[in-house]
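[1] Requesting a structural model of the entry that follows:
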Amino acid sequence: MTWKDMIDGAYLTLLEGFSRIPCCSTEGRALMSIDLASFAAGTDPAAVMERLDYNNDCDKPPTVDRERYIFVDTYIKLYYYPKKDVMAWIIENHERYHLNHCLTLAANAYRGDGSATVEQIVEMVKGIFHEDEDKDDVQEASSRPHGYVSSQHSRAQASVNQV
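    Presented below is the predicted three-dimensional model:
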């Protein structure tokens, strides 16, 4: 279990680092994807054992599912989406990601087009998270029933459609 926990923590650290970059070029996002893929390849059990070939007494680390890889990869790919799609995605997935991750996505989606001020974007995203503001833990928020939709979602969707 320790190996899986370490890998999960590393993926979440990558996500946190990527989300703290306020403005990034298309090339920069492509490099983030390469970094993520390199990390995934480097932590593959076969790659780890290859680097440890001098010591055959080590147990092979367990294979870790690709859920966290997909979690971070999806976040990176969202920077390429149009702003309406980004906001719709935030509404649908806000229980899985932290507020700051979604604020960065929204700010980048609306950056430079003049359709909304930074304050409006922050309020839109915070409105989506309002119901969950005391639950910033990803696992705690993901314990909701599948298909959970609140009145906050409806109000947030209405504000996105206005912008």
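
[2] domains in this structure, as residue ranges please.
    By the record's domain assignment, the chain is partitioned as 1-80, 82-163 (automatic domain parsing).

[3] any idea which of those domains is most buried?
    Mean neighbour count (mean count of other C-beta atoms under 10 Å) peaks for domain 82-163 among the domains of the chain, with a mean of 15. Placement of C-beta: from N, CA and C, glycine included.

[4] returning to that earlier point: may I see the domains of the chain organised as TSV, with mean pLDDT added?
    Formatted as TSV, the entries for those read as follows, by pLDDT from 0 to 100:
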stretch	mean pLDDT
domain 1-80	88
domain 82-163	72
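
[5] separation between Lys77 and Tyr110?
    As judged by C-beta to C-beta, to the nearest Å, Lys77 and Tyr110 stand 18 Å apart.

[6] can you tell me which residues contact Cys58?
    If you count contacts by C-beta atoms under 8 Å, 6 or more residues apart in numbering, Cys58 has them with 49, 52.

[7] if you set the cut-off to 6 Å instead, what comes out?
    Under the criterion of C-beta atoms under 6 Å, 6 or more residues apart in numbering, the contact partners of Cys58 comprise Leu52.
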